[in-house]
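> I would like the atomic coordinates for the input below:
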Amino acid sequence: MTPERGDAGRFVNRFGRPAAVVLVLLCGLTLLLGFINKDRCTGPAFDQWGRTQPDYDERNKEDVCYSDIQHLWIGRDIDRHVFPYVDGNINDKGTLIGGSVEYPVLSGLIIWAGAIFAHNDAEYLLYSSLLMAPFGLLTGWLLGKLARWRALLWAIGPPLILYAFHNWDLPVVLCSVAAVFVVHRWNRPLVERAVVASVLLGLGFAFKVYPAAFVLPLVLFVATGGWRGQEMPDGKKADIAGAVKVGLASIITVVLVNLPFAIAGYDGWAASFEFQQLRRVDITTNSIWYWGLRPFIGDDAMQSLVGVISPITILISFAIAAGYGWTRFRREGTYPWIAVSGAMLCGFMLLHKVHSPQYTLWLVPFLVLLRVRLAWAFAYFVVDLAMGIGIFRWFWAIEFGQPAGIYDSFSAQAVMIGVWGRAALLVALFVVFLKAGDVTEDDHEDLKFLRGAVAAKT
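Presented below is the predicted three-dimensional model:
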């Protein structure tokens, strides 16, 4: 692995083409296994609405092959090929109607596009998987370029099998990884790189919201001149103008992407946000709030309390992460924007009122990009498997009259391992991430080495 000089005089580590091809092929095989796993729930017969028969509701839980993609073929007008949001709304019962879906607009477009040629839920799963697979492959390629073989955590990890086609998460993961790649691999001035990365994070917001949080640490990285301040404009102690440009780039992106939908059908566009705001904390949300508060307070009180305490604690976790990042900057000379972003994600996943199983896909790239012990990744994969498998087996036991108590059901015990194991590991990873270096530091170390070698020769 030899460092090469880029157009702007920066040195980067190249992940060779053969290695990248191998990594992408492995990622492709994992995605294929992920599709096969979900496809077990489809067919062989279909009813008049294109819903899998027989026994769809029982099979998807008992066989642990449930997918939101297949399930939402019915109930969101996807099967009717209704263009999202424009004619949509949310009714008095909190049900989305007229083409509105519970996701931001770019996810809504992906959801609609996957159904264009579909006539039943099996075809919809297939076409949606084909549509999203390139996002997963490109994520693997970018992670390989950034972290080399550590990217195998993404390419062959259990989460990609379980969740690649569970929901529409591969595009948003690509946005966050691509933002890191642009900042640390594109040979352009820092502000230009960061503006493009900020646009990518804004697009991520329009897929699944959470990448917008990473704009703050990116802004601070730019304001402090990048790695050890080496890209600070001459004569300045802080690049405020550059930081403002980076922040505005994300805001403008979000506005430009959402504005056409808001104009064409405001009620349908707003319904997706209202749906999430109204969503109750229940057995399907898998959050610490449901399992931690439900035994002690009534349901109505729990809903009201979580509606307030969840966003407040998330913002507090963001502030702690950003503040510790500033402490590291004062000590080390570089604002650790990737580490802070990873910690922010841990805080969000831990404290949000919903913790869907596929959120693990959001976390895996940070386990790749940050220099933490692989044992953390393996531990998280274990508890995630307990949740990803246990939750559907437990739902099956509850719905179809099987033993479902904590003392007589392994699936119920697996869910508890998953809920509290993930929670404990997210708390630990919040701290571990904040203290960790990242794989992009190799580039700068190579640059120091080569500069030293040149100096020695002269």
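
> From now on I want contacts and neighbour counts done on CA atoms only, so please keep to that.
Fine.

> got the residue ranges for the strands in the protein?
The residue ranges that make up the strands of the chain, judged by DSSP state E, are 3-5, 11-13, 45-46, 52-53, 89-90, 96-97.

> center of the protein - which residue?
By CA atoms, centre = their mean, the chain has its centre lying nearest to Trp362, at 2.7 Å.

> now that one: how far from Arg185?
When CA to CA, to the nearest Å is the yardstick, Trp362 and Arg185 sit 21 Å from each other.

> Check Gly99 too.
As judged by CA to CA, Gly99 and Arg185 stand 40 Å apart.

> Val215 contacts Leu248, doesn't it?
No - taking CA atoms under 8 Å as the contact criterion, Val215 and Leu248 are not neighbours in contact, 9.8 Å apart.

> Name the residue in the two with the higher neighbour count.
Neighbours were tallied for Val215 and for Leu248 using other CA atoms under 10 Å; the higher tally belongs to Val215 (28 against 18).

> what's near enough to touch the more buried one?
Contacts for Val215 were tallied using CA atoms under 8 Å, 6 or more residues apart in numbering; they are 198, 201, 246-247, 250.

> If we use 7 Å, what do you get?
The neighbours of Val215, taking CA atoms under 7 Å, 6 or more residues apart in numbering as the test, are 198, 201, 247.

> distance of the first one from Phe366?
By that I understand Ser198. Applying CA to CA, the value for Ser198 to Phe366 is 18 Å.

> Hmm, Ala271 is touching Asp87, no?
No - using CA atoms under 7 Å as the test, Ala271 is too far from Asp87 to be in contact (10.8 Å).

> who's more crowded, these two?
Legend: neighbour count by other CA under 10 Å for Ala271 and Asp87, higher for Ala271 (24 against 17).

> dump the residue contacts of the more buried one.
Counting by CA under 7 Å, 6+ apart, Ala271 touches 89-90, 100.

> do that again at 6 Å, thanks
89-90 (CA atoms under 6 Å, 6 or more residues apart in numbering).

> Let me know the distance separating it from Ser100.
From Ala271 over to Ser100 the distance is 7 Å, taken as CA to CA.

> what's the answer for Arg188, then?
Arg188 is 40 Å from Ser100, where distance means CA to CA.

> Same question for Val439.
Using CA to CA, we find Val439 at a distance of 40 Å from Ser100.

> likewise Tyr163?
23 Å.

> out of these two, which sits in the busier spot?
For Tyr163 against Ser100, the residue with the higher neighbour count under other CA under 10 Å is Ser100, and the figures read 31 against 26.

> So for stretch 212-224, mean pLDDT?
In this model, stretch 212-224 has an average pLDDT of 98.

> scratch that, stretch 313-324 is what I was asking about
In the prediction, stretch 313-324 has an average pLDDT of 98.

> swap in stretch 98-117?
So the average pLDDT for stretch 98-117 ends up being 96.

> which intervals of the stretch 351-458 of the chain have sub-threshold pLDDT?
Counting by pLDDT under 70, the stretch 351-458 of the chain contains low-confidence ranges at 442-458.
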